[in-house]
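Colleague: curious how this folds, go ahead:
(2 chains)
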Amino acid sequence: MSEDRQEQSNELAKAYDPSAIEEKWAAYWVKERLFDTPVESVGAKAFTMLLPPPNVTGRLHMGHMLNQTEMDILTRWHRMLGETALWVPGTDHAGIATQMMVEKQLAAEGKTSRVELGREAFTERVWAWKRQYGGAITDQMRRLGASVDWSREYFTMDEDLSGAVVEAFVRLWEQGLVYRGAYIVNWDPVMGTAVSDLEVVHEERVGKLYFVRYPLAEGEGSITIATTRPETMLGDVAVVVNPTDERYTALVGRQVRLPLSAVSGGQERVIPILADEWAQPEFGTGAVKVTPAHDPNDFAIGQRHGLPSPSIFDAQARVSLAGSKYDGMDRYAAREAIVADLDALGLLVEVKDHGMSVGLSQRSGSVIEPRLSDQWFIKIQPLADKAIAAVKGGHIRFTPEMYEKTYFEWMGNIHDWCISRQLWWGHRIPAWHCVLCGTITVARTEPEACSFCGSTIDLVQETDVLDTWFSSGLLPFTVFGWPETGGGPTADMRAFYPTDLLVTGFDILFFWVARMIMLGTHFMLDVPMPDGSARTLAEAVPFREVYIHALVRAADRQKMSKTKGNVIDPIDIIGRFGTDAVRFTLASMASPGTDIAFSEARTEGYRAFANKIWNAARFLFMNVERGREAGYAVALGSQVSEARSSPQRASSLAGDPELGAPGSVPLETRWIYSRLSAVAAEVERALAVYRFDEAAGAVYQFFWGEFCDWYLELVKVRLEFGREDDTVARLTLEALVEVYEAALRLLSPFMPFLTEEIWHALYAAVGQEAPAKSIALTRFPLAADFARDEAAEASLSLLQELIVSVRALRKEMSVPEKEPAPMLVYSRDIRVVELAIANADTLAKMARVSSVSASAEALSGSGSKSTVSFDVRVMYERVIDVPAERERLTKEMAKLEKGLLASQRQLGNDAFMAKAPAHIVEGLKKQAAETGMLYEKARAALLELEA
RNA sequence: GGGCGGUUAGCUCAGUUGGUUAGAGCGGGUGCCUUACAAGCACUAGGUCGGGGGUUCGAGUCCCUCACUGCCCA
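Modeller: Residues are numbered from 1 along each chain as shown, chains lettered A, B, ... in the order given. Coordinates of the predicted model:
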């Protein structure tokens, strides 16, 4: 057995090597199904989140990693608080992105195109691709250690989710909230589909503004119009001028001949000159052409004036005009040809450079062609109204709060949502066209007959599919089994809806967050509560809180992009520093509202932190082993130590007479428990408001700055085994292990791998069976688990001040590192002197002090240092560097004087004295007195130096 | 054009409802291979809080204004 334990305690390698431990635990968590959350397991409180589903074509990037790190920290934290923490993973079929990818693949392989393949074969091909490669991103998630419930993993085109999509669509249709019609939409000519407004990105470009003369149909004269798109003139139906524009008043009502519009050798078309508010007198010549089928504004003008809307482009944005010489030309080739022809005819007046905003397809990058076509829309206002009410009513809270403004801004100006896509990969719209009568029948399953004429043979299913965001907008309830069968909510819905929190980036605030709110409030209001009562808006929302995180940028604050070549691959960076270090970096840099400039230097620092944690464990194991050799067995979690249960003599500042005496709990142990309590409180406070940076900062500072830098050093003098009475050593060892174990739990949501590894090793080292399969299944440390001990904190900070003062003095006096020197201490508070004397061992170890003596009088001058609480002198012969010392003292005096004057000025201000709260005045008085005292001491020292 | 942010140490960022002498990490300087850790330890320097004005007993924090800068929407 002891040999076993020996092996166990040596289990930790000398150096921390993340790659050696992370994959092992990642696989273990998945294999053991530690984070599965069956509905039967739901306790009193559930904490539910949905993972923003990555595209099935996706590869993990830093944004995912930030998102998942934050969600995982929260999930692990809630789970450790004893709640049923459910985090649902899944992937999105990502219509356009996936179809585009497979098409590219087909092209690269030189195989037949999508069209040649045919719809059925093509979609089968996409499925095959999905089966083979679609798991890449979820595999990467597993590697990150994301504590999701893999048993609930979904894909948006799974059978049940697809069924829910059909149900949602049909209900919206039945409610009159879906309509179909010919409208101008954003057309992506590369993908050959309509896209929504949100999928169009605008880019500033320098184009040309062409001035073209249109001759009047009758009589002499012409009107010159300005356009950025001369090629669309083939579809012109009018010229408009502003009604107030006196230059053109006489021309309104007359007609022009449209140049180049003749087809098959016929006549040029004749179109009217009309007055319309939309024409801006200051733009170009003040006269503009109207092409209703290829410009949304022109379409509106056409509607106002009852004009026709001839389309002149096909789906690939090629001219489609039988008999025209431009027929079949690409839109840009047509532009060149038309401009050349106009020039030849003397109709091209001028060409100017012109800055303009060009709409590009988010996915394919092609220039959007506004196009008149038959599309399906959702009448959005009724949904938006509820979505606005949900946030206004406080049923959904945004963090940072300012995103509420953005949300309202968008919701207030929302347009109907074009939900149809002319793609093959996606949820096919459940509508059937009757070839006979043209009626559309929308149904849950293929209808037997036309709903209008009853024809049973000529029904053709709609070829369009739904916008990807339609199905993902339904996820908060479809993943829990909506639509309900039998009228009531499903068991999952009862337990998990509404979800508690959504963590996401602002880039999908409108795409996804807003749509979930609209669709969630719309559909879920109809689902009764578990007790049968009607559901209120507060319970219909898809989530109660939204936390919007920042963008991860490259170190130089540039946006990461493939073209710039500055993309940081998380898998690569994980390979170099370990997942825990990368997670910690992201968490500690995640302050709300600020983008993260990802810094490798920081990651390096947090790998060092991981290494620190690692080495602290090795120190611990070494001492556990030493204790065992001396006959002590450390027990973990089986007993509550004295210090943990109650602070001792909370009133005493210092000078505890029993300090260090047999049976008492040493000062630094009381202190570390108190600090542990404080840091647990801080972490809880910070995580509750999504301040990952503050939470991470707090555990970092505690572990490194307090536990390692002070506690581990301080206990070294206590851990002397084999004495006649080694109660102190035993108590200390026990506390050491207990505090460390608690610190591991505190750290584990942030650094799950490292803490898991050490936690198991720790139990092995003390020869106990771990109380859980994973540290993730233990309880999170709470402030109340450990006693705050103000007295111990005050005493220890005095001791720290003494140590730091002596170290600084030694350095100033160039005392050789290894040479101990005596110290003298003076204080008006006798307890301070007693504290120093009682802790002479500690001072010896920490500050190389050979002896501690009390001074009867104040100390100043060379070799001494004063603080508000004490004077201290290091006794050492040395040659004083007078100029250096003079400079230091002069500088110090200047600083003190400045502070002193500032506080005196304020204290002399009657208005301040009259109006400021008492504690501020008192504090300032105390500060002024202390500063004055230190100033006097510095002055005395300077005088002595000059003497 | 409309809207929302940001500007604090050499760099990257914190800084709660206005309150006592503005913090951290990295980087810099000096000294240490101190038996957990050189991926470490100790000590240390470094800031007119973008400019100007205002409110207040008191402003990094609130208001106005200017400059620079980023993002979203049209």
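
Colleague: when you work out contacts or count neighbours from here on, use the C-alpha atoms and nothing else.
Modeller: Will do.

Colleague: and A:Ala856, how far from RNA strand B?
Modeller: From A:Ala856 over to RNA strand B the distance is 25 Å, taken as CA to the nearest atom of the strand, to the nearest Å.

Colleague: report the contact partners of the nearest residue to A:Gly82 once chain neighbours are set aside.
Modeller: Distances taken as CA to CA, 6 or more residues apart in numbering place A:Arg779 nearest to A:Gly82, at 6.8 Å, with adjacent residues excluded. The contact partners of A:Arg779, by CA atoms under 8 Å, 6 or more residues apart in numbering, come to A:80-82, A:745.

Colleague: which SSE is A:Arg779 in?
Modeller: Following DSSP states H and E, there is no helix or strand that holds A:Arg779.

Colleague: surely A:Leu824 forms part of a helix?
Modeller: No - if the criterion is DSSP: H, G, I helix; E, B strand; the rest coil, then A:Leu824 is strand and not within a helix.

Colleague: can you tell me how far it is from RNA strand B?
Modeller: A:Leu824 is 18 Å from RNA strand B, where distance means CA to the nearest atom of the strand.

Colleague: who's that residue bridged to?
Modeller: Taking DSSP bridges, one finds A:Ser853, A:Arg873 as the beta-bridge partners of A:Leu824.

Colleague: check what pLDDT it gets.
Modeller: According to the prediction, A:Leu824 has pLDDT 91.

Colleague: RNA strand B contacts on the stretch 251-400 of chain A?
Modeller: Taking CA under 7 Å from any atom of the strand as the contact definition, the stretch 251-400 of chain A meets RNA strand B at A:Ser357.

Colleague: what segments of the stretch 251-400 of chain A are helices?
Modeller: A:296-305, A:331-344, A:381-392 (DSSP state H, counting those that start in this stretch).

Colleague: in a markdown table: those helices, plus mean pLDDT and mean neighbour count.
Modeller: Shown next, in a markdown table, are the helices of the stretch 251-400 of chain A (pLDDT from 0 to 100; neighbours: other CA atoms under 10 Å):
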| stretch | mean pLDDT | mean neighbour count |
| --- | --- | --- |
| helix A:296-305 | 86 | 17 |
| helix A:331-344 | 89 | 16 |
| helix A:381-392 | 91 | 19 |
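
Colleague: where does the prediction get shaky in chain A?
Modeller: A:1-11, A:486-487, A:555-557, A:562-564, A:593, A:637-663, A:878-881 (pLDDT under 70).

Colleague: residue closest to the middle of it?
Modeller: Centroid-nearest residue in chain A: A:His549, 3.2 Å away (criterion: CA atoms, centre = their mean).

Colleague: thinking that residue is in contact with A:Asp507, fair?
Modeller: No - counting by CA atoms under 8 Å, A:His549 does not reach A:Asp507; the two are 9.9 Å apart.

Colleague: right, and A:Ile758 touches A:Ala616 too?
Modeller: No - between A:Ile758 and A:Ala616 there is no contact under CA under 8 Å: 10.2 Å.

Colleague: the more surrounded of these two?
Modeller: Between A:Ile758 and A:Ala616, counted using other CA atoms under 10 Å, A:Ile758 has the larger neighbour count: 21 against 18.
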